[in-house]
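Asks: Sequence and predicted structure, then a few things I'm wondering about:
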Amino acid sequence: MRTIGFRVKSGHAVAVVLEGSAESPRAVARHLVQLCDPEVAETRQPYHDGFYRTEENASEIARRVKIVKRCAKKSVDALVQGGRSRFSVRIDGAENRDLTPGLHAALVVGSVIDPATVGNPHIRAHAHEGRLFRTVLEEALRSRGIECDVIVEKQLPDRAAADLRRSRAAIARTVATFGKVLGGPWRADEKAAATAAWLALR
């Protein structure tokens, strides 16, 4: 079985692909998945209007969101069809394989808070963006028949320990070996994505 874990950020997601079983996971690939258009800088933070300012123009936000949705679909299509990009690292002949059959995905996010409940306009803009990038990635995956699970990052360690029935230390050691296989950088985002992919293994 093959799974993919994502750590969703503003404008992109770090993705790690694993295969095997929960008892014996193997690292396959690491990717940077674009969820915005690098040529349209404002799509990285579509609810902002520069530094610490919120975008108030609804039609401008709608234009940016449309671009984000298009970019997310394009990136997911390329990813699951085995397309190579300069942001990808693969091992064990994993190139040019369609990942779709039987693929499960898990998304690690900072929060699932409803932006409408946030009083501060600047924090609300960040909440809108968090929800946007999470949902466009989830929708792009589901449109290809890929099951998704969403996990809040602060809940990930306890969830992993409970579901994988291993100590946090044991999980950390295994995740560290994935980084050695795939190579650097192997930071918190890659570790979270790898842990999510491991949880998705059935």
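Replies: Arrived safely.

Asks: pLDDT at the residue located most distally from the centre of the chain, what is it?
Replies: Within the chain, the residue lying farthest from the chain centre (Cα atoms, centre = their mean) is Asn57, at 28.0 Å. Note on Asn57: pLDDT of 96.

Asks: go on, Arg90?
Replies: Arg90 is assigned a pLDDT of 51 by the prediction.

Asks: so who does Ala160 touch?
Replies: For Ala160, the contacting residues are Arg166, Arg168, Ile171, Thr195, Trp198, Leu199, by Cβ atoms under 8 Å, 6 or more residues apart in numbering. C-beta: built from backbone N, CA, C; applies to glycine.

Asks: can you check Asp149 too?
Replies: Per Cβ under 8 Å, 6+ apart, neighbours of Asp149: His104, Ala105, Ala106, Leu107, Ala196, Leu199, Ala200.

Asks: Quick check: it vs Thr3, distance?
Replies: 10 Å (Cβ to Cβ, to the nearest Å).

Asks: Equivalent analysis for Cys148, please.
Replies: Distance of Cys148 to Thr3, computed by Cβ to Cβ: 11 Å.

Asks: All the strands of the protein, in order from the start?
Replies: 2-8, 12-20, 25-34, 89-90, 104-109, 147-152 (DSSP state E).

Asks: Output the ones you listed as JSON lines; include the columns distance to Glu190.
Replies: As requested, those are exported to JSON lines (distance: least, Cβ to Cβ, whole Å):
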{"stretch": "strand 2-8", "distance to Glu190": "7"}
{"stretch": "strand 12-20", "distance to Glu190": "6"}
{"stretch": "strand 25-34", "distance to Glu190": "6"}
{"stretch": "strand 89-90", "distance to Glu190": "10"}
{"stretch": "strand 104-109", "distance to Glu190": "11"}
{"stretch": "strand 147-152", "distance to Glu190": "15"}
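
Asks: Could you tell me the least trusted of these?
Replies: Minimum mean pLDDT among these: strand 89-90, a mean of 50.

Asks: residue ranges with poor pLDDT in this protein?
Replies: 82-102 (pLDDT under 70).

Asks: ok, which stretches of it are helices?
Replies: With DSSP state H, the ranges of helices along the chain come out as 58-80, 121-142, 156-164, 168-182, 188-200.

Asks: Over to the nearest residue to Arg64 once chain neighbours are set aside: give its phi and psi.
Replies: Spatially, and ignoring its direct neighbours in sequence, Arg64 is nearest to Pro46 (3.5 Å; Cβ to Cβ, 6 or more residues apart in numbering). Dihedral pair for Pro46: phi -70, psi -20, per degrees, to the nearest 10.

Asks: What separation do you get for Leu132 and Ala200?
Replies: 23 Å.

Asks: again, but for Leu35
Replies: Counting by Cβ to Cβ, the gap from Leu35 to Ala200 is 20 Å.

Asks: And the two? Which one has more around it.
Replies: Neighbours were counted for Leu35 and for Ala200 using other Cβ atoms under 10 Å; Leu35 has more, 27 against 24.

Asks: could you measure that one against Ala127, distance?
Replies: Remark: distance between Leu35 and Ala127 (Cβ to Cβ) = 16 Å.

Asks: Pretty sure Lys73 sits against Leu141.
Replies: No: between Lys73 and Leu141 there is no contact under Cβ atoms under 8 Å: 9.8 Å.
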